[in-house]
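Enquirer: pasting a predicted model and its sequence here:
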Number of protein chains: 2
Amino acid sequence: MKKVKTRDRIVDTSLHLFNSLGEPNVTTLLISDELEISPGNLYYHFKSKGDIVEELFRAYEADMLDLLAVPEDADIPLDQFSFFLHLLFEGVARYRFLYQDLVNVLSRYSQLQQRFRRILKKKTAAFQSLCGSFQRQEMMDIEPEALGALCEQLTLTVCYWSSFDTLSHLEDRDAVDPGRGVYQMLHLLLPYLREDEQEQVKLISADYR
Amino acid sequence: MKKVKTRDRIVDTSLHLFNSLGEPNVTTLLISDELEISPGNLYYHFKSKGDIVEELFRAYEADMLDLLAVPEDADIPLDQFSFFLHLLFEGVARYRFLYQDLVNVLSRYSQLQQRFRRILKKKTAAFQSLCGSFQRQEMMDIEPEALGALCEQLTLTVCYWSSFDTLSHLEDRDAVDPGRGVYQMLHLLLPYLREDEQEQVKLISADYR
DNA sequence: GTCTATAACGGGATAGAC
DNA sequence: GTCTATCCCGTTATAGAC
């Protein structure tokens, strides 16, 4: 029964507040209030608000780089792919505050820009390699040009789907369902799959509906 | 040679600054500075910064509602459709500050939320009707479920493409090219079109590449 | 490690002269 | 309509006691 360190509580609470209220709307005072500690105490652990954001970003970055290390020439089956999508959406949803006010956040913490872009590139590259795997397995048939557009579209959707979904369908910003995102992603892929695989994806995606 | 009214200059300059720096980063002082008028003068014309945003939003809303009034049962040819997309992207790009920090902006100017959502719905509905037209003309073949996913995807892309594109490819936030967005949209539609129409879209989209 | 108090700053907005 | 001066407030961050 170890006591949770204050530093860690600050990180957790900040993430939660950032996600539900938007990072710009969360003041250091609000964070310390929520934790029932003094503002001074918060600044003992982090020398600035930016440092909290930085720490959260580092965690996001680590999660993503880990997840996106897709083996270049493995045969990925469709169900494993949809599991991958699921993890991807969960990872993004966990740090959705980054996406909700992207331009603002990246402009105020400019050291994150490059790193963010690097992750974006990795996402597109991962989709390229996954589609490559599908093509080698003869599960997919797509022209090179359409492939480029598709992979960009998949990346866009990973980034923005949850914001879009929240905006257009829900009030409660704390309720996030990665499922609908996965469903949408699978539907992007669908038209380029062979008959059998289309059926398989329809079955998988029915669960996510 | 009529002199441009200060009020209008405030609106124009604000829009420009909002778009290139992000609305939260633009202070009323910066706006008045840029115009070489006093802050007090700005507040003579608008009683708050929010009122400037409100006015800009009203213009965006009017543009969109006008554009999205798609005739329900007309036969829309593909080239007209791509022209429509072009206008749509231009309209969004002109007010892109709204999208760049959407959650933040809508949370601070909450009276815009409903109206924003209404426009979003209209966009999806417009795509539904356009696809309906394509189906009636036997240019398109798509199952009802895939159609729903497609129209949501088109709406998502209209909203976020330009932010995404700027983020992933460009440094200069003032340079916006609606073409790449149109290209991406056409590629979403492509797999559901009949042979002949696919060729036609490929030709159209080649211009936008 | 944690607190209280407060400094320092910036941004939105107003008052009142011209 | 436009200006200058100023107020008010919220937010970040620090100093120094406990």
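Expert: Cool, got the structure.

Enquirer: which pLDDT does the model give residue A:176?
Expert: According to the prediction, residue A:176 has pLDDT 72.

Enquirer: report the secondary structure state of it.
Expert: Using DSSP: H, G, I helix; E, B strand; the rest coil, the structure places residue A:176 in coil.

Enquirer: repeat that for residue A:72.
Expert: Recorded secondary structure, residue A:72: coil (three-state DSSP).

Enquirer: that one reaches residue A:129, doesn't it?
Expert: Yes - contact criterion C-beta atoms under 8 Å: residue A:72 and residue A:129 qualify, at 5.8 Å. From N, CA and C alone the C-beta is placed, and that goes for glycine too.

Enquirer: show me which of these two is the more surrounded one.
Expert: Neighbour count, other C-beta atoms under 10 Å in any protein chain shown: between residue A:72 and residue A:129, residue A:129 has more, with 18 against 9.

Enquirer: now that one, nearest residue through space, not along the chain?
Expert: Leaving aside its sequence neighbours, residue A:129 sits nearest to residue A:70 (C-beta to C-beta, 6 or more residues apart in numbering or on different chains; 5.3 Å).

Enquirer: check what pLDDT the one you found gets.
Expert: Value for residue A:70, per-residue pLDDT: 88.

Enquirer: what does residue A:168 give?
Expert: 89.

Enquirer: what strand or helix carries it?
Expert: For residue A:168, the enclosing helix or strand under DSSP states H and E is helix A:144-169.

Enquirer: picking that back up, surely the residue nearest to residue A:129 touches residue A:128?
Expert: No - Residue A:70 is beyond contact range of residue A:128, at 9.4 Å (criterion: C-beta under 8 Å).

Enquirer: domain parsing of chain A, as residue ranges.
Expert: With domains defined by automatic domain parsing, chain A comprises A:1-47, A:56-208.

Enquirer: can you tell me which residues in chain A are near DNA strand C?
Expert: A:5-7, A:36-41, A:44-45 (C-beta under 7 Å from any atom of the strand).

Enquirer: so who does the residue nearest to residue A:29 when sequence neighbours are not counted touch?
Expert: By the measure of C-beta to C-beta, 6+ apart, the closest residue to residue A:29 outside its immediate chain neighbours is residue A:39, 5.6 Å from it. By C-beta atoms under 8 Å, 6 or more residues apart in numbering or on different chains, the contact set of residue A:39 is A:28-29, A:32.

Enquirer: for the residue lying closest to residue A:60 once chain neighbours are set aside, give me its contacts.
Expert: Excluding its sequence neighbours, the residue lying closest to residue A:60 (C-beta to C-beta, 6+ apart) is residue A:95, at 4.2 Å. Contact analysis of residue A:95 by C-beta under 8 Å, 6+ apart lists A:15, A:19, A:56-57, A:59-60, A:63.

Enquirer: so what's residue A:95 scoring on pLDDT?
Expert: Note on residue A:95: pLDDT of 98.
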